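>>> Generate a structure from the sequence data that follows.
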Amino acid sequence: MAEPDSVEFKVVEISVVTDEELERIINQTVAVGWTFDGMQFAMREGSKRPAMAFLMFTRLRGTARS
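Numbers count the residues shown, from 1 in each chain. From the prediction side, this is the model:
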């Protein structure tokens, strides 16, 4: 396992929470070397649809792609 200081973290905030938008951002970010690590939703009171989503990604430092 990598040392904690050798890992970079990226959080992407999404306010348009649709399956198409989530897929687009996940695929776009993974294509440039990030690993998808998780997703959290912020719910709006009185609604079953999330108001926002936060996508988390990680990668080892120094592995950025051009």
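>>> CA only for contacts and neighbour counts going forward, please
Noted.
>>> Look at the residue in the chain sticking out farthest from the centre and report its pLDDT.
Within the chain, Gly46 marks the point farthest from the mean C-alpha position, 25.5 Å out by CA atoms, centre = their mean. In this model, Gly46 is scored at 91, pLDDT.
>>> which SS state does the residue nearest the centre of the chain fall under?
What sits nearest the mean C-alpha location of the chain, by CA atoms, centre = their mean, is Leu55, with 2.4 Å. What DSSP: H, G, I helix; E, B strand; the rest coil gives for Leu55 is strand.
>>> Give me the neighbour count for the residue nearest to it when sequence neighbours are not counted.
Nearest residue to Leu55 in three dimensions, chain neighbours excluded: Met39, at 4.6 Å (CA to CA, 6 or more residues apart in numbering). By other CA atoms under 10 Å, 13 other residues sit near Met39.
>>> again, but for Val32
12.
>>> Doesn't the residue farthest from the centre of the chain belong to a strand?
No. Going by three-state DSSP, the assignment for Gly46 is coil, not a strand.
>>> mind checking how far it is from Thr18?
For Gly46, the distance to Thr18 equals 18 Å [CA to CA, to the nearest Å].
>>> what does Val11 give?
From Val11 to Thr18 the distance is 17 Å (CA to CA).
>>> State the helix or strand in which the residue nearest to Leu55 lies.
Taking DSSP states H and E as the definition, one finds Met39 inside strand 35-43.
>>> strands paired with that strand, and their directions?
Strand partners for strand 35-43, identified by DSSP bridges, are recorded as strand 50-60 (antiparallel).
>>> any idea of the mean pLDDT in the partner strand?
If you average the pLDDT over strand 50-60, you get 97.
>>> All set, thanks.
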